[in-house]
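Peer 1: Sequence first, predicted model second:
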Amino acid sequence: MADRWFNETNSAELVVERLKRRADGALPKFLVSLVEHLHLAVRETRPTAEDWRHAIKFLTNVGHASDDRRQEWVLLSDLLGVTALIEEINSRRPKGATPNTVRGPFYRADAPRLPLGANISLDGKGETLQVRGRVTDLDGEPVAGATIETWQANAQGFYENQQPDLQPEFNLRGVFETGKDGGFHYRTVRPCGYGVPADGPVGQMLGGIGYPLRRPAHLHFIVKAGGFETISTHVYDAGDPLLAEDALFGVKQELLGAFRKQDAHWALDFTFVMVRARKERRAA
Ligand code: BEZ
Ligand code: FE
């Protein structure tokens, strides 16, 4: 029996045994894996009791910094790559389809619907960027009537809802609809890369150890069409030097767009490739 008392070697085993006596299900299964990995990490890194009190204090602060307007837990999940991993597992798509990536905290559901060609830069500050694109299915057939919601940071790297006193409401946001040829186009300004919020416990902790907190320049899109899986993604500036160090691990080859200089302005051409909604894919 003596070897059944809790000790450094059998700690995870004993906890796991207790968990496994409980009903099966996703939560006990997740807890088993979590306990095994957590005990291993503690054995390997040997924190002192004081180190552990610091860790608990950090988690307490993350909770206190989270409310309806700010989600510090989501930021922690994003920066440790967990959000990107969950996305990878759950929205795997066939080759050639546009993948999803992290949506991020700056989305607003109520952006204005605009006619094709409209300018979403309401303060005109920055270098003009002409965005043109198409929405197609996997066979390259146009998807007419798809809605394209877009939002982005300005030329200084700030979203309109981060600077409500400095930027016009709904600056750099809009919802467009593709024409018969699946095409859409609008005008905006070239976005700039930016740092994720570093004024909370997560940014301070990770910034304090020199962890990358910057994001390369990107545009956000949500593309919806009846009978197709919704795409929630970014298009990144393929020339941005920060691509390999994206703080959120959101960059994928298929999401790189060529921002080209044309005379006095910039131009981007991008095709979103949608896949049939899962039910319909199975039936096909
Ligand atoms: C963003 O890309 O908008 C973003 C996503 C997660 C954390 C911070 C910013
Ligand atoms: Fe963003």
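Peer 2: Structure's in. What do you need? Numbering: from 1, shown residues only. Ligands and ions are numbered 1, 2, ... in the order given.
Peer 1: how near is the residue nearest to Gly133 when sequence neighbours are not counted to ligand 1?
Peer 2: Distances taken as Cβ to Cβ, 6 or more residues apart in numbering place Phe270 nearest to Gly133, at 4.5 Å, with adjacent residues excluded. The C-beta positions use only the backbone N, C-alpha and C, and glycine is treated the same way. When distance is defined by Cβ to the nearest ligand atom, to the nearest Å, Phe270 is 17 Å away from ligand 1.
Peer 1: surely Phe270 meets Leu129?
Peer 2: No - Phe270 is beyond contact range of Leu129, at 11.6 Å (criterion: Cβ atoms under 8 Å).
Peer 1: and the residue nearest to Gly133, what does it touch?
Peer 2: When contacts are counted by Cβ atoms under 8 Å, 6 or more residues apart in numbering, Phe270 touches 131-133, 235, 257.
Peer 1: how about a cut-off of 7 Å?
Peer 2: The contact partners of Phe270, taken as Cβ atoms under 7 Å, 6 or more residues apart in numbering, are 133, 235, 257.
Peer 1: Nearest to ligand 1 among those residues?
Peer 2: Nearest to ligand 1 among those, counting by Cβ to the nearest ligand atom, is Val235 at 11.9 Å.
Peer 1: Name the nearest residue to that closest one, sequence neighbours excluded.
Peer 2: Nearest residue to Val235, sequence neighbours excluded (Cβ to Cβ, 6+ apart): Gly257, at 4.3 Å.
Peer 1: which ones are touching the closest residue to ligand 1 within the stretch 101-250 of the chain?
Peer 2: At 2.6 Å from ligand 1, Gly104 is the closest residue in the stretch 101-250 of the chain, using Cβ to the nearest ligand atom. Residues in contact with Gly104 (Cβ under 7 Å, 6+ apart) are His220.
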